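[1] Compute the structure for the input listed below.
(2 chains)
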Protein chains: 2
Amino acid sequence: MPARSLLVVGSLAFDTLETPSGHAADELGGSATYFSHSSAWLAPEVRLVGVVGKDFPKRHIVEFRDRGIDVSGIQVEGRGKTFRWHGRYGKDMNNAETVSVELNVFGKFEPKIPAPFRKSPFVFLATGSPRTQRAVLSQVDRPKFVLADTMNLWIETERPALLDLVHDVDGLILNNSELLQLSGEPNVVAGARWALAQGPSVVVVKKGEHGAMLFTEEAVCALPAYPLERIVDPTGAGDSFAGGFMGHLARAGSVTMQEMKRALVYGTVLASFACEDFGLRRLFGLSNREIESRVEEFAKVVSVDLDGRNARRRRK
Amino acid sequence: MPARSLLVVGSLAFDTLETPSGHAADELGGSATYFSHSSAWLAPEVRLVGVVGKDFPKRHIVEFRDRGIDVSGIQVEGRGKTFRWHGRYGKDMNNAETVSVELNVFGKFEPKIPAPFRKSPFVFLATGSPRTQRAVLSQVDRPKFVLADTMNLWIETERPALLDLVHDVDGLILNNSELLQLSGEPNVVAGARWALAQGPSVVVVKKGEHGAMLFTEEAVCALPAYPLERIVDPTGAGDSFAGGFMGHLARAGSVTMQEMKRALVYGTVLASFACEDFGLRRLFGLSNREIESRVEEFAKVVSVDLDGRNARRRRK
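    You can find the predicted model right below:
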């Protein structure tokens, strides 16, 4: 079903995670990993491109395959080690402190899109150097919708290349502080207007526990996060969000405003699951029934019935 | 129409305001002022109790009266001056720096609720010493719904009296950082659960540009803020929010979950207007048509149609 194929290019990693809920070492992580395991719950065909070292266990490849993710784009660098990140969260789970980072084989990642992947209508460029993201763009054949993520590092160090990339994608997704940093605007709404003027037709702003917003020239959509009482590990929540978002669009085969709003709900729901356990554990243990049930619960959280709102009732 | 009367007790003040948009001196301000001018757009009868000095110009009294606000509870201390606050906002408009504060007559405020005000079914205890708020509670006659606001100062200095008050009100409204401070919990959802366990049946959490949440034992409602591209002055947004919230409940004469969700929308909309100009200027210049029109626009921002969301369309 190539008309709904979803290609993701990004990192595969091992994470060591410290949060107030505990500690986990050598967890499977990486932006493309979270994205693909999240989107695979919705999208009919997920195609993963990334790089790992010879230390990457076969069982993770099996896990991808078990979820129907096409792993033929995973490049194995026999002489290197997989990207490693060690992060620590304090009580405020909105920001991680990087304890250590070893880029390893990801530092020299040159994505090669396998020929059968080049015709993918939906493409997610996970955060990475804008040059790497550009290299992907130049290998794909007229996709229907390309969404690019970025982060503070690239805004600081590769701004011209990043703006150049942003000009050529359909959608930009980033978090609220990154949007303010990139745009220089004082608030998210003004920042999104600025970003839309750079080229993309859609800007998606991730605000962590405060939800997400979607901007086009014509419309604004804003949704809160799914209210979680306990956040075990927020790592990968943003990529799981993007996975739910793009996964729904790929499933729908459409990028109308209605589908993008629904996609925002799926992003919100997948991100909430991702936070409930360390690493990808909760995403592995999910079911479609759980996802749909939370989508419906979330709809109740944001629903307001305004009909007859200004009728004054008769006094009893 | 006493069955829908709304009583507010809080501060009246003069504010000097500095924001990135400009500067305004001696603006009418104060929690009860914002609340009453906001709620009066919705509630059939708003009753204001507060204290001013002899420097308080007659024209502000006329402004209250022109909006149908009953000012017979304003106490004039002939030998004192009105509360003054000077605040400054940087680029991040979420927090004001207090340049100076002169409590003046508000420092010794002993609210006296006029006899005709004592039977008010809806009561808002604007932020103030929990002892002062308790003094109001002891003078009102079996109200239907009492909402209390508080702030960091009282959480730090009068915690036992505050918890005692919270135990005896129907609703608690406060901002997210105050909720975390009060509860000691790491996130808003856990904090709200903690607060509900202290007594109130409703907890409303104001998150500024990130919207608001409402918690009861049975339900959670979360809404984003109305997306504003330009915030001129956020002073009084929280009290304007509370005014829209209580104004709608008083108009409806009901505190069902449905009306509380609608009330949250009105709070959101009134708060957004308050931010569009210095002080109360925008609230003065409003119209019911503008309010209802923004309510409808806001409904579009949060609306998601989920019916048929997981249908896969036929390929073209």
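
[2] Please save the CA atoms from stretch A:43-58 in CSV.
    The C-alpha trace of stretch A:43-58 is given here as CSV (Å, rounded to 0.1, in the frame of the first residue of the first chain):
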residue,chain,number,x,y,z
ALA,A,43,0.1,3.7,9.7
PRO,A,44,-0.2,0.8,7.4
GLU,A,45,3.5,0.8,6.4
VAL,A,46,6.4,2.4,8.3
ARG,A,47,9.8,2.5,6.7
LEU,A,48,12.7,3.2,9.0
VAL,A,49,16.1,4.6,7.9
GLY,A,50,18.9,5.0,10.5
VAL,A,51,22.3,3.8,11.5
VAL,A,52,23.5,1.5,14.3
GLY,A,53,26.8,0.0,15.3
LYS,A,54,27.7,-3.7,15.6
ASP,A,55,26.5,-3.6,19.2
PHE,A,56,22.9,-3.2,18.2
PRO,A,57,21.1,-6.5,19.3
LYS,A,58,19.2,-8.5,16.8
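
[3] Of all the residues in the stretch 51-200 of chain A, which one is nearest chain B?
    Nearest residue of the stretch 51-200 of chain A to chain B, counting by Cβ to the nearest Cβ: residue A:189, 4.5 Å away. Placement of C-beta: from N, CA and C, glycine included.

[4] now the helices: where do they sit in chain A?
    A:31-39, A:58-66, A:130-137, A:152-157, A:159-167, A:176-183, A:188-197, A:237-252, A:257-274, A:281-284, A:288-302 (DSSP state H).

[5] Mind listing what's buried along stretch A:295-314?
    By 16 or more other Cβ atoms under 10 Å in any protein chain shown, the buried positions in stretch A:295-314 come out as A:295, A:298, A:301-302, A:304, A:306, A:309.

[6] remind me which residues of the stretch 201-316 of chain A are low pLDDT?
    A:311-316 (pLDDT under 70).

[7] rerun at 90
    A:305, A:307-316 (pLDDT under 90).

[8] just the stretch 1-150 of chain A next, same as before
    A:1-3, A:91-96.

[9] confidence score at the residue of the stretch 51-200 of chain A closest to chain B?
    Per-residue pLDDT puts residue A:189 at 96.

[10] list the contacts for it?
    Counting by Cβ atoms under 8 Å, 6 or more residues apart in numbering or on different chains, residue A:189 touches A:215, A:220, B:227-229.

[11] now with 7 Å?
    B:227-229 (Cβ atoms under 7 Å, 6 or more residues apart in numbering or on different chains).

[12] repeat for residue A:124
    A:6, A:8, A:35, A:147, A:242, A:246.

[13] Most neighbours among the contacts of residue A:189, which one?
    residue B:227 (20 neighbours; other Cβ atoms under 10 Å in any protein chain shown).

[14] Any figure for the gap between that one and chain A?
    Computed as Cβ to the nearest Cβ, to the nearest Å, the residue B:227 to chain A distance reads 5 Å.

[15] Would you confirm that that residue contacts residue A:223?
    No. Judged on Cβ atoms under 7 Å, residue B:227 makes no contact with residue A:223 at a distance of 11.7 Å.

[16] Report the distance from stretch A:190-198 to the chain centre.
    Taking the mean of its C-alpha atoms, stretch A:190-198 sits 20 Å from the chain's own mean (Cα atoms, centre = their mean, to the nearest Å).

[17] export that stretch as PDB, just CAs?
    C-alpha atoms of stretch A:190-198 as PDB (Å, rounded to 0.1, in the frame of the first residue of the first chain):
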ATOM      1  CA  ALA A 190       3.600  35.100  16.800                       C
ATOM      2  CA  GLY A 191       6.400  32.500  16.400                       C
ATOM      3  CA  ALA A 192       4.200  30.200  14.400                       C
ATOM      4  CA  ARG A 193       3.100  33.100  12.100                       C
ATOM      5  CA  TRP A 194       6.800  33.800  11.600                       C
ATOM      6  CA  ALA A 195       7.500  30.200  10.800                       C
ATOM      7  CA  LEU A 196       4.600  29.900   8.400                       C
ATOM      8  CA  ALA A 197       6.100  32.800   6.500                       C
ATOM      9  CA  GLN A 198       9.300  30.900   6.000                       C
END
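
[18] What parts of the stretch 1-150 of chain A come near chain B?
    Applying Cβ under 7 Å from any Cβ of the partner chain, we find that the stretch 1-150 of chain A lies next to chain B at A:3, A:20, A:91.

[19] Only the buried subset of these, as a ChimeraX command please.
    Paste this into ChimeraX to select the buried members of the residues of the stretch 1-150 of chain A next to chain B, with burial taken from 16+ other Cβ under 10 Å:
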select /A:3
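
[20] re earlier: deepest in the core, which of the helices of chain A is it.
    helix A:31-39 (a mean of 31; mean count of other Cβ atoms under 10 Å in any protein chain shown).

[21] Report the angle between that one and helix A:58-66.
    40 degrees (axes from the mean of the first three to the mean of the last three Cα atoms, to 10 degrees).

[22] Please name every helix or strand in contact with helix A:31-39.
    Judged by 3 or more Cβ pairs under 7 Å, 6 or more residues apart in numbering or on different chains; DSSP states H and E, helix A:31-39 is in contact with strand A:5-9, strand A:45-53, helix A:237-252, helix A:257-274.

[23] Can I get that helix in PDB? Just the C-alpha atoms.
    Written as PDB, here are the backbone C-alpha positions of helix A:31-39 (Å, rounded to 0.1, in the frame of the first residue of the first chain):
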ATOM      1  CA  SER A  31      14.000   9.700  17.600                       C
ATOM      2  CA  ALA A  32      13.300   7.300  14.700                       C
ATOM      3  CA  THR A  33      12.800   4.400  17.100                       C
ATOM      4  CA  TYR A  34      10.100   6.200  19.100                       C
ATOM      5  CA  PHE A  35       8.600   7.600  16.000                       C
ATOM      6  CA  SER A  36       8.300   4.300  14.200                       C
ATOM      7  CA  HIS A  37       7.100   2.300  17.200                       C
ATOM      8  CA  SER A  38       4.400   5.000  17.800                       C
ATOM      9  CA  SER A  39       3.300   5.500  14.200                       C
END
